[in-house]
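Chemist: Predicted model and sequence below, questions to follow.
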Amino acid sequence: MLEMRAVRLVYNEGTTTEVVAVAGLDITIPSGQFVTVVGSNGAGKSSFIQLVSGAVRPTTGRVVIAGTDVTRQPQHRRAGRIGRVFDNPHAGSVPELSIEENLALAMARGRRRGLRLATTRQRREQMRAPLANLGLGLENRLHDPVRLLSAGQRQSLTMVMASLTSPEVLLLDEHLAALDPGTASRVLDLTVGLVRRLACTTIMVTHNMEHAITVGDRLLVMSRGRVIADFDAEEKARLTVPELVGHITGAGDVVSDRMLLEESA
Ligand SMILES: Nc1ncnc2c1ncn2[C@@H]1O[C@H](COP(=O)(O)OP(=O)(O)OP(=O)(O)O)[C@@H](O)[C@H]1O
C-alpha cells in the first residue's frame, strides 16, 4: 500500500517566486493497483511521482510505502523498491554501455554490494528472458551499445530495467510522450503486460486521455496540486474522453493541444 498523508510541496517558500506544486494530497493506493493520472500542465503530476520516488521531500505531510514512513528517506535508500521510467527515452539508460551492461546496472541498483558490471552466464540468462518477451530481438543484441537503439527500443529496455528489481512501486512519468503513436501503443501493451506480471503498485502519468481511461484500475485527475476527481475501475469504464476533458476544463484548467490532438487521433 502507498499512502500520501496531507502532503504539501512548496518551492521557494516565503519568497516572491513561491510555487505550491502540491497543495494537499491524501491518497491511499492499495498494493498492486494500477493508477493513471491526468491533469493540465503544472497540475502537480510529476511532483506527485517525485514525492513517491524521493527525488523531492514534502514540505509537510507523510509518504508511507508498505507501512514504512519514507518521508525523510533519501531517494537512493528506496531505489531498490521503486522502478521509474521517465518521459525522455534517453534518460533511463547509459548510451555508451551495452544492453547487457545497462541491465547489469539495473540489477545492481538498490543492492548494498554496489555496482558490479561483470556478468555471469546465469545472470545473462536472467536478462535474456524479459528481453525476448519484448519481441524486439534485443536479446540477440546484448553487446550493442544502447545508443544504437531507437527511442521505442530504448524505452522498452528501460521498462525491462525498471522491472528487474521486482519493484513494489512502478512510476511511469509520461513514458510514452516522446514516441510516435504506433510505438507508443506497442510500449503501452508492454507496460500493461509487465505491470500484470510484476503485480506492483503502478502510477502512470499520461497526457493521453484515451490511455488514461482504458489502462489501469483507477484514474486520478489533478489540478493545482490537488486530486479533483478519483474514478474507480467501474466509473472509469463508463467515462468518455470528452467527459474527462470536461473535468479538467471544468476546474478552470487549459487542456493542451497535445491532449486534444491525441484525443482525436
Ligand atoms: N524545481 C522547481 N522549482 C520551482 N517550481 C517548480 C519546480 N518543479 C516544479 N515546479 C512547479 O510546480 C508546479 C507543478 O509542477 P509539475 O511538474 O509537478 O506539474 P505537471 O503536472 O507534471 O506538469 P507538466 O504536465 O507540464 O509536466 C508547476 O507550477 C511547476 O512550475
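Modeler: Okay, I see it.

Chemist: CA atoms for contacts and neighbours, from now on please.
Modeler: Will do.

Chemist: which SSE is the residue positioned nearest the centre of the chain in?
Modeler: Closest to where the C-alpha atoms of the chain average out (C-alpha atoms, centre = their mean) is Leu172, at 1.2 Å. According to DSSP states H and E, Leu172 maps onto strand 169-173.

Chemist: Write down the beta-bridge partners of the residue nearest to the centre of the chain, one by one.
Modeler: Legend: beta-bridge partners of Leu172 under DSSP bridges are Val85, Met204.

Chemist: List the residues that contact it.
Modeler: Leu172 makes contact with 84-87, 202-205, according to C-alpha atoms under 8 Å, 6 or more residues apart in numbering.

Chemist: same thing with Ile228?
Modeler: Per C-alpha under 8 Å, 6+ apart, neighbours of Ile228: 220-222.

Chemist: The residue of the stretch 151-265 of the chain at minimum distance from the ligand and Gly39: what is the separation?
Modeler: Closest residue of the stretch 151-265 of the chain to the ligand, C-alpha to the nearest ligand atom: Gly225 (6.8 Å). As judged by C-alpha to C-alpha, to the nearest Å, Gly225 and Gly39 stand 10 Å apart.

Chemist: and for the two, which residues touch both?
Modeler: If you check Gly225 and Gly39 against C-alpha under 8 Å, 6+ apart, the residues they both contact are Lys45.

Chemist: Please identify which of the two sits among more neighbours.
Modeler: Gly39 (31 against 23; other C-alpha atoms under 10 Å).

Chemist: Tell me if I'm right that the more buried one and Leu219 touch.
Modeler: No - contact between Gly39 and Leu219 fails when scored by C-alpha atoms under 8 Å: they sit 10.8 Å apart.

Chemist: In the contacts of Leu172, find the pair that's most separated.
Modeler: Comparing all pairs in these by C-alpha to C-alpha, the longest separation belongs to Asp87 and Thr202, at 15.6 Å.

Chemist: The residue of the stretch 151-265 of the chain closest to the ligand reaches Val38, doesn't it?
Modeler: No - using C-alpha under 8 Å, Gly225 is not in contact with Val38, being 11.8 Å away.
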